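1. Sequence plus the predicted model coming up.
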Amino acid sequence: DNAARNTRCGPSGTDCPRVDAPDSGAVGDGAGVPGDAGFVDGHPGADADSEAGPGDDAGAGNEGDGAIVEGGGDAGSPPSCFSLTRGPAGGALPAPIIYATGSTAIQPYVARVAQVLEGLSIASVVYLGAGSCFGIDAMTNPAGYPLQRIGKTATYYDSALDGSGNVQSGTCTVDDSSRLADVGISDVFPTTCDPDLASQGGLPNNLHDFFGPVQVMEFVVPSTSSQTAISAEAAYMVWGYGSASGVSPWTDETFLLQRSATSGTQNMIGAAIGLGPSLWHGIKNGTSTAISSAIENVAAMRAIDGGPSSDLEAAEKTMGILASDVADNSRQFLHPLAFQDVGQTCGWYPDSHAGAFDKSNVRDGRYPIWGPSHLVVYADANGNPTNPAAKTLIDAMSGTNSQVLATLNIVQFYAKSHVIPTCAMHVTRSSDGHDYAPYSPPISCSCYYDLQTTQQTSCATCNTDADCKNARDGATTCVNIFGLPPVGYCEPPGSPH
């Protein structure tokens, strides 16, 4: 109820005062609605980094499902990243080696795919995790951002998993100042990293942005909080004005847990609520793990830092921001708030209900705070990658490489990691913020993703397209490439709402 909750936003609760300067807490000259063009949209800077991946430093997936184990094989000085022949545990590293840089949130997923590519003797990957916008800079300004300027060390992976089924990684030295990235990887759109690109019509003609798995961002509160929903306007006021927001119960900014202006999580959410990432109030946190730990402390009736607390209202006053792949692994002590976007009449959870993990409201276009990961590569005039090795990585990440699918159940891997493969999406978007449009993937995996996230699907099984003649929802295509062993389902067309 915006009119009742947003006490500083006019009679309707939607005409809110503009935030003009960081940490000012003062009412600005202008007024508008979050997402309006008049609101400040700060540039995240070249080191934007969501650190929103699964557990930040734990790697993707559960134990035995691709988590990264670091340090194997690096007993002495790290080897050169450009003369590698063996993995950190001694496994073979087949040529070509793909050099990627950018988001640390996506790095665990790249690591698992890299291990499979290496195990199949297809290609190898060296990853310089530095931040989303470094990934964009490496491709749009390669002369200014060679790999060595972005970082002095990178990560490489072994072709074999360890005894627990985890990816083994080691460190190598970026010791050639002339070497450039083959792939730039970002959590946010290139135009979020560099707003000037929007006025220039997007990326230069020699680059193309391929979408990887979709990440979902959330406002989260302790499990002991009675709060269930927040609107875009209320979120704008809470994070833009802190203790002066007037939005009960979030009126004490010492209980508001933000990330930072360079966080991909904060940039993506900021785009959704119309608040530049540098304008947020609250306590800054260097990692998503720090926010998750602080909320766990409050849920256990401790202070945010884990010390004793006698504040009986702490749970009501606490709110943080997290990516779903972190938050969903911590549902025992936190829960996401349903989010009501500008123009919506009710709030939606990312999932079909508060206890689900199916991301159905993201996939169908009801919940708006999400974005695909971005793999930016050099491309020809038709948008086809000019580097065959880069295309190999893109196809492997998107689930269209048949050799990888025969070894890695990639839809299941993404589902367990609480991200969404693009083949399970029914909407797409062209920028971070509010715009999204209907989408039908070339090869749909919606039925199989439903099965992985809910343990059931209403789709008919099939072996050939002929088996789908009378299938529900107008499904006509038998998709039988996902799963180990593969199972066929009659996939319905995209159904955005």
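-> Looks like it arrived, so ask away. Numbering: from 1, shown residues only.
2. Can you show me the strands along the stretch 251-400 of the chain?
-> Counting by DSSP state E, counting those that start in this stretch, the stretch 251-400 of the chain has strands at residues 256-257, 319-323, 334-336, 338-340, 370-378.
3. Tell me which of these is the most buried.
-> Counting by mean count of other C-beta atoms under 10 Å, strand 319-323 has the highest mean neighbour count of the strands of the stretch 251-400 of the chain, with a mean of 27. For every residue, glycine as well, the C-beta is placed using N, CA and C.
4. just checking, what packs against it?
-> In terms of contacts (3 or more C-beta pairs under 8 Å, 6 or more residues apart in numbering; DSSP states H and E), strand 319-323 is packed against strand 207-222, strand 256-257, helix 264-273, helix 288-299.
5. Out of the ones you listed, which gets nearest to residue 325?
-> Nearest to residue 325, of all the helices and strands packed on strand 319-323, is strand 207-222, at 6.9 Å by C-beta to C-beta.
6. So which elements touch the next helix or strand after that closest one?
-> Sequence-wise, the next helix or strand downstream of strand 207-222 (DSSP states H and E) is strand 229-231. Judged by 3+ C-beta pairs under 8 Å, 6+ apart, the packing partners of strand 229-231 are strand 338-340.
7. which other residues reach the strand it packs on?
-> The contact list for strand 338-340, computed with C-beta atoms under 8 Å, 6 or more residues apart in numbering, reads 218-219, 228-232, 235, 272, 346-349, 354, 367-369.
8. about what we covered before: the strands of the stretch 251-400 of the chain: which one's closest to residue 16?
-> Of all the strands of the stretch 251-400 of the chain, strand 338-340 sits nearest to residue 16, with 14.1 Å by C-beta to C-beta.
9. what is the rounded mean pLDDT of the closest one?
-> Averaging pLDDT along strand 338-340 gives 98.
10. So that it lines up with my notes, have the first residue be 188 from now on.
-> Shifting the count to begin at 188 puts that one at strand 525-527.
11. Could you tell me the least trusted of the helices and strands packed on strand 506-510?
-> Lowest mean pLDDT of the helices and strands packed on strand 506-510: helix 451-460, a mean of 93.
12. Determine how far that helix lies from the middle of the whole chain.
-> Relative to its chain's centre, helix 451-460 lies at 11 Å (C-alpha atoms, centre = their mean, to the nearest Å).
13. Could I get the CA-only coordinates of it as CSV?
-> The C-alpha trace of helix 451-460 is given here as CSV (Å, rounded to 0.1, in the frame of the first residue of the first chain):
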residue,chain,number,x,y,z
GLY,A,451,26.6,-5.9,-9.8
THR,A,452,23.8,-6.8,-7.4
GLN,A,453,23.4,-3.2,-6.4
ASN,A,454,23.6,-1.9,-9.9
MET,A,455,20.9,-4.3,-11.2
ILE,A,456,18.5,-3.6,-8.3
GLY,A,457,19.3,0.1,-8.6
ALA,A,458,18.3,0.1,-12.2
ALA,A,459,15.0,-1.5,-11.2
ILE,A,460,14.1,1.0,-8.6
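14. Which positions in that helix come out as buried?
-> 451-460 (16 or more other C-beta atoms under 10 Å).
15. how about the helices in the stretch 238-387 of the chain?
-> Here the stretch 238-387 of the chain has its helices, by DSSP state H, counting those that start in this stretch, at 294-306, 319-327, 334-337, 377-380, 383-386.
16. Mind checking these for the one nearest to residue 667?
-> Judging these by C-beta to C-beta, what sits closest to residue 667 is helix 294-306, at 20.4 Å.
17. How far away from the center of its chain is the closest one?
-> Distance, centroid of helix 294-306 to centroid of chain: 17 Å (C-alpha atoms, centre = their mean).
18. Mind giving me the packing neighbours of it?
-> Here helix 294-306 touches strand 311-316, strand 340-344, strand 354-360, helix 575-585, helix 589-592, helix 597-603, going by 3+ C-beta pairs under 8 Å, 6+ apart.
19. now, of the ones you listed, which is deepest in the fold?
-> Ranked by mean neighbour count under mean count of other C-beta under 10 Å, the helices and strands packed on helix 294-306 are led by strand 311-316, which reaches a mean of 26.
20. residue ranges with poor pLDDT in the chain?
-> Scanning the chain with the threshold set as pLDDT under 70 gives 208-262, 680-684.
21. So which of the helices of the stretch 238-387 of the chain is the most surrounded?
-> Ranked by mean neighbours (mean count of other C-beta under 10 Å), the helices of the stretch 238-387 of the chain are led by helix 319-327, with a mean of 30.
22. outside of that helix, which residues touch it?
-> Here helix 319-327 makes contact (C-beta under 8 Å, 6+ apart) with 231-237, 287-290, 292, 331-334, 337, 367-368, 370-375, 377, 380-381, 384, 390-391, 394, 451, 561, 563-565.
23. Would you mind writing the ChimeraX command to select the buried ones in the residues you listed?
-> Per 16+ other C-beta under 10 Å, the buried members of the contacts of helix 319-327 correspond to this ChimeraX selection:
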select :231,232,233,235,236,237,287,288,289,290,292,332,333,334,337,367,368,370,371,372,373,374,375,377,380,381,384,390,394,451,561,563,564,565
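24. re earlier: out of the contacts of strand 525-527, which are buried?
-> 405-406, 416-419, 422, 459, 534-536, 554-556.
25. so can I have TSV of those residues showing distance to residue 201?
-> Below are the buried ones among the contacts of strand 525-527 laid out as TSV (distance: C-beta to C-beta, whole Å):
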residue	distance to residue 201
405	22
406	18
416	15
417	14
418	8
419	9
422	12
459	15
534	14
535	18
536	22
554	19
555	16
556	18
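26. what's the closest of the residues you listed to residue 655?
-> Distance to residue 655, by C-beta to C-beta, is smallest for residue 554 among these, at 29.3 Å.
27. Could you verify my assumption that that closest one touches residue 536?
-> Yes. With contact defined as C-beta atoms under 8 Å, residue 554 counts as touching residue 536 (6.8 Å).
28. So residue 492 sits against residue 484, correct?
-> Yes. With contact defined as C-beta under 8 Å, residue 492 reaches residue 484; the gap is 7.1 Å.
29. just to revisit the earlier point, so for residue 653, which of the helices and strands packed on helix 294-306 sits nearest?
-> Ranking the helices and strands packed on helix 294-306 by distance to residue 653, with C-beta to C-beta as the measure, places helix 589-592 first at 22.2 Å.
30. and the closest one, what other elements does it pack with?
-> Packing contacts for helix 589-592, counted by 3+ C-beta pairs under 8 Å, 6+ apart, involve helix 294-306.
31. Can you report phi and psi for the nearest residue to residue 367 once chain neighbours are set aside?
-> What sits nearest to residue 367 in space, not counting adjacent residues and going by C-beta to C-beta, 6 or more residues apart in numbering, is residue 329, at 4.8 Å. Residue 329 adopts backbone torsions of phi -60, psi -30, taken as degrees, to the nearest 10.
32. Share the number of residues neighbouring residue 329, please.
-> Residue 329: 14 surrounding residues under other C-beta atoms under 10 Å.
33. For the residue positioned nearest the centre of the chain, name its beta-bridge partners.
-> The chain has residue 402 as the residue nearest its centroid, 3.0 Å off, counting by C-alpha atoms, centre = their mean. Beta-bridge partners of residue 402, counted by DSSP bridges, are residue 558.
34. Help me confirm that it comes into contact with residue 557.
-> Yes. Proximity of residue 402 to residue 557 meets the contact threshold set by C-beta under 8 Å, at 6.6 Å.
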